[in-house]
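# only the shape, not the letters, is given here:
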């Protein structure tokens, strides 16, 4: 506190007394807001203390008047006071008129606040105490004002406006609008202006299943000086409620609602043919219609329009191709149409299509009528082709309109694919396309060639093991053609493919040697380690000789390698074929006597490897075996004993099978396994030519230009 005087005129000045309060809010319920319609307050059950300061905010919800009735009152006269104020706001952040300041022995009396809220303070000085006071309060609800235009009525128009009225709204306003246009799909509310007392006066928007709004769902609760986003129901009925409290007003709000309508038959369509239309008759303003066409297993979907008339500026039919039946991501736009021109047919090559129709809130016309169909398949299309060769065609006979046929050429183990287009005859708008892919699912096809019209013959060699071929004809054709005939051939080259996992539980998929096309082109290796495995196999295709088999121990489960760091001694007891479980059979399981294995070599010093030569394995024997097994060749089997040996040695068995092309095999030439433990780092298959080449047991020369 400061006291200042100027340089003229004086007066009597002032005397003030101060008190220090050491007991704050030590009365029951002091320091809290009382919102119930009735209640009681007091300084406590006995005499109050010195230097007390207590207060109560009495603000019952929606109260119009509050009355405080004192049943008893006794305080130190002119020293200890109960002071009562009216409140201008429910939380009494600002107080209004002083309703009374009471001290002494007053007995019973009452005090009222016409604002519906009051603040009560009790203070005591530093000396002398009394019994204090006991009081109860009661309240009456304020009369809510329903003065908003059209409040309390059912609004059935397809569009309209609601507001709290011109100028600022009043305190204690309560207005309700129920919007329920006949045939509504959903309703959207757009605010053009909004200003209410923050946190006190609200516009609440609800979605209702029926016009009685017996079970409303709150969509938005809006307050303050904001620009609310549009609010949209998920049901055909909307309810809007505006309420204000007993203090402070503002300019209120203005909002406009619009009704949106659906079309017949919307939703998911799974039939192989059907109709999509906005009708019958002219479509509604604010139409919002969606169809998802997803016939199970359809290679494509064609949408053909028979009539079309929409507002060219504002009312659109939009068509998308979808990757999945959900049609919620990855959509490709196929076309967007408006006006009076009947669109040409639209094709979704994924077999799933999304169609939407939207109109604005003004001019509307007769709309559209369209039919969807699923085109016929080509023979053997829409599947994965795994054989080493085959034929692709749309036939027999001429192709049909709206065809979308796909062939995924993916023979296991192929390193490249050769396509031979024997003939092509199509009309304008019909295509044969070829794509390369990174997997059989072909998530990102790359177009490499496209043909249409007349093509006599052509060959396309692709260095890829996954090739997608697509034939597509336009959905509406006045004429068609013979189409196409194409063959494919898988090329395998040298090396291996398939699993080389360290553990092969049960009977795994066999490792298949690729057909050898030259000398020593096919060397297949796999790792074996599983005590429970019954058999492991390497298949030898038709037209390829089995030449020899090499076995060695290896630590770890990585690719086959015989570096000194990874080798382990091979168990000396496992020498014979029967011990190892090695055999050569036809794919039918019958042992092939014409192509047996014979032990030919062993590192007796370190027992690191075993070698077995295939013989006699001449051309007639292989040819006969291939013929007898339907062209599938023979299989080298590795039994359970071999796998158990690997487990016992805490290692894996590396098995390398060498083959040679039949065309390369002649008398006096053979394939041998070459190992030089002190020099070689990798097992190799070497093909020796000419006189003087050493057979097994005669030493192992270094690789030469002939090897």
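Received, thanks. Treat the numbers as computed from the prediction; the structure is a model and nothing was measured. Numbers count the residues shown, from 1 in each chain.

# verify the stated contact: residue 423 with residue 451.
No - counting by Cβ atoms under 8 Å, residue 423 does not reach residue 451; the two are 10.5 Å apart. Where C-beta positions appear, they are placed from N, C-alpha and C, glycine not excepted.

# which neighbours do those two have in common?
Residues touching both residue 423 and residue 451 (Cβ atoms under 8 Å, 6 or more residues apart in numbering): residue 484.

# these two: which is more packed in?
Using other Cβ atoms under 10 Å, the more surrounded residue of residue 423 and residue 451 is residue 451, with 19 against 15.

# okay, that one and residue 347: tell me how far apart.
Plainly put, residue 451 is 19 Å away from residue 347 if you go by Cβ to Cβ, to the nearest Å.

# ok, residue 381 next?
The gap separating residue 381 from residue 347 is 15 Å, by Cβ to Cβ.

# same check on residue 304?
10 Å.

# the more surrounded of these two?
Set side by side, residue 304 and residue 347 show more neighbours around residue 347, with 24 against 19, by other Cβ under 10 Å.

# now do the helix or strand encompassing that one: which elements does it pack against?
In the assignment (DSSP states H and E), residue 347 maps to strand 346-348. Packing partners of strand 346-348 (3 or more Cβ pairs under 8 Å, 6 or more residues apart in numbering; DSSP states H and E): strand 301-309, strand 316-321, strand 332-337.

# now the strands for the stretch 251-400 of the chain?
Per DSSP state E, counting those that start in this stretch, the stretch 251-400 of the chain carries strands over the ranges 252-260, 267-269, 273-277, 288-293, 301-309, 316-321, 332-337, 346-348, 353-358, 367-373, 383-385, 389-393.

# could I get these as TSV with mean pLDDT and distance to residue 109?
Shown next, in TSV, are the strands of the stretch 251-400 of the chain (pLDDT from 0 to 100; distance: least, Cβ to Cβ, whole Å):
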stretch	mean pLDDT	distance to residue 109
strand 252-260	95	41
strand 267-269	95	72
strand 273-277	95	79
strand 288-293	96	66
strand 301-309	94	82
strand 316-321	97	75
strand 332-337	95	79
strand 346-348	90	85
strand 353-358	96	70
strand 367-373	95	77
strand 383-385	89	96
strand 389-393	93	104
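
# switch these over to JSON lines; also include distance to residue 103.
Listed next are the strands of the stretch 251-400 of the chain as JSON lines, based on distance: least, Cβ to Cβ, whole Å:
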{"stretch": "strand 252-260", "distance to residue 103": "45"}
{"stretch": "strand 267-269", "distance to residue 103": "77"}
{"stretch": "strand 273-277", "distance to residue 103": "85"}
{"stretch": "strand 288-293", "distance to residue 103": "71"}
{"stretch": "strand 301-309", "distance to residue 103": "87"}
{"stretch": "strand 316-321", "distance to residue 103": "79"}
{"stretch": "strand 332-337", "distance to residue 103": "82"}
{"stretch": "strand 346-348", "distance to residue 103": "88"}
{"stretch": "strand 353-358", "distance to residue 103": "74"}
{"stretch": "strand 367-373", "distance to residue 103": "83"}
{"stretch": "strand 383-385", "distance to residue 103": "98"}
{"stretch": "strand 389-393", "distance to residue 103": "107"}
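
# if we can go back for a sec, residues shared between the contacts of residue 304 and residue 347?
By Cβ under 8 Å, 6+ apart, residue 304 and residue 347 have these common neighbours: residue 475.

# give me the low-pLDDT residue ranges for the stretch 401-550 of the chain?
Along the stretch 401-550 of the chain, segments meeting pLDDT under 70 span 476-478, 492-550.

# who touches the nearest residue to residue 355 once chain neighbours are set aside in this structure?
Leaving aside its chain neighbours, residue 355 sits nearest to residue 291 (4.5 Å; criterion: Cβ to Cβ, 6 or more residues apart in numbering). Residue 291 makes contacts with 265, 266, 267, 269, 276, 354, 355, 356, as judged by Cβ under 8 Å, 6+ apart.

# number of residues surrounding the last one?
Spelled out, that is residue 356. 17.

# how close does it sit to residue 320?
Going from residue 356 to residue 320 by Cβ to Cβ gives 8 Å.

# what do you get for the first one?
When distances are taken as Cβ to Cβ, residue 265 and residue 320 turn out to be 18 Å apart.

# now do the SS call for residue 197.
Recorded secondary structure, residue 197: coil (DSSP: H, G, I helix; E, B strand; the rest coil).

# and it, what does it touch?
Contacts of residue 197 (Cβ under 8 Å, 6+ apart): 223, 244, 245, 247, 248, 249, 250.

# now the second one: how far from residue 205?
Think residue 244. As defined by Cβ to Cβ, residue 244 lies at a distance of 16 Å from residue 205.

# the nearest residue to residue 469 once chain neighbours are set aside in helix, strand or coil?
Leaving aside its sequence neighbours, residue 469 sits nearest to residue 407 (Cβ to Cβ, 6+ apart; 4.6 Å). Secondary structure assignment for residue 407 (three-state DSSP): strand.

# tell me who's in contact with residue 407.
Applying Cβ under 8 Å, 6+ apart to residue 407 gives the contacts 380, 381, 382, 383, 385, 392, 468, 469, 470.

# isn't the fourth one right next to residue 405, touching?
When you say that, I think you mean residue 383. No - between residue 383 and residue 405 there is no contact under Cβ under 8 Å: 10.3 Å.

# of those two, who's got more company?
Between residue 383 and residue 405, counted using other Cβ under 10 Å, residue 405 has the larger neighbour count: 25 against 10.

# report the contact partners of that one.
Neighbouring residues of residue 405 by Cβ under 8 Å, 6+ apart: 299, 377, 378, 381, 382, 394, 470, 471, 472.

# please apply the same query to residue 481.
Applying Cβ under 8 Å, 6+ apart to residue 481 gives the contacts 398, 399, 425, 426, 427, 430.

# tell me how many other residues crowd the third one.
Residue 425 sits with 18 neighbouring residues when counted by other Cβ under 10 Å.

# the first one now?
Neighbours of residue 398 under the rule other Cβ under 10 Å: 13.

# any idea how far it is from residue 30?
Taking Cβ to Cβ, one finds residue 398 at 96 Å from residue 30.

# which stretches of the protein form helices?
577-580, 619-628, 640-648 (DSSP state H).

# what's the neighbour count on the residue nearest to residue 14 when sequence neighbours are not counted?
Of all residues not flanking residue 14 in the chain, residue 3 sits nearest, at 7.8 Å (Cβ to Cβ, 6+ apart). Counted with other Cβ under 10 Å, the neighbours of residue 3 add up to 7.

# please report how far residue 3 lies from residue 11.
From residue 3 over to residue 11 the distance is 12 Å, taken as Cβ to Cβ.

# ok, residue 418 next?
Distance from residue 418 to residue 11, by Cβ to Cβ: 117 Å.

# tell me which of those two has more neighbours.
A count of neighbours by other Cβ under 10 Å puts residue 418 above the other of residue 418 and residue 11, at 16 against 6.

# test my guess that that one contacts residue 463.
No - the criterion here is Cβ under 8 Å, and residue 418 misses it with residue 463 at 10.2 Å.
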